[in-house]
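Novice: Could you look at this predicted model? Sequence included:
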Amino acid sequence: MNKVKTAMLLATMTALFVMAGDAFGGRIGMILAFGCAVVTNFSAYWYSDKIALRLLRARELRPPEAPELFQAMKRLTANAGLVMPRIYVASGT
């Protein structure tokens, strides 16, 4: 279901880009806006996590730094049948 929601969001963003391109530049504007939408959607889909972590100045936490947290995460992920995720600490501003 999340993939459907993401696809709908990206399609809506593309439609808005194309409509804005039509309003400002006619047919050429639509083509340029569509190209921008493709690039924006691609980067949003594949790199949004990296962008968010970079903006928050987050760093990856290693097991020796917080062994209790890592043990808790290992138990939770094992019980849920999931892969152990990376854990980051965000320093903020």
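Specialist: All right, it came through fine. Residues are numbered from 1 along each chain as shown.
Novice: For this protein, which residues score under the pLDDT cut-off?
Specialist: Residues of the chain meeting the criterion pLDDT under 70: 92-93.
Novice: looking at it, which residue lies furthest from center?
Specialist: Here the chain has its C-alpha centre computed as a mean, and the residue farthest from that point, by Cα atoms, centre = their mean, is Gly26 with 31.1 Å.
Novice: now the helices for this structure?
Specialist: Under the criterion DSSP state H, the chain contains helices at 2-55, 67-80.
Novice: Okay, buried residues for the shortest one please.
Specialist: In terms of neighbour count (16 or more other Cβ atoms under 10 Å), helix 67-80 has its buried residues at Phe70, Met73. To be clear about C-beta, it is placed using only N, CA and C from the backbone, and glycine gets the same treatment.
Novice: Deepest-packed of the helices of the chain, please.
Specialist: Of all the helices of the chain, helix 2-55 carries the top mean neighbour count, a mean of 13, counting by mean count of other Cβ atoms under 10 Å.
Novice: can you redo the helices of the chain as JSON lines with distance to Leu61?
Specialist: JSON lines is the format used below for the helices of the chain (distance: least, Cβ to Cβ, whole Å):
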{"stretch": "helix 2-55", "distance to Leu61": "12"}
{"stretch": "helix 67-80", "distance to Leu61": "7"}
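Novice: Looking at the ones you listed, spot the one closest to Ala90.
Specialist: Closest to Ala90 of the helices of the chain, according to Cβ to Cβ: helix 2-55, at 7.7 Å.
Novice: The closest one: how far from the chain's middle?
Specialist: With Cα atoms, centre = their mean, to the nearest Å as the basis, helix 2-55 stands 13 Å off its chain's centre.
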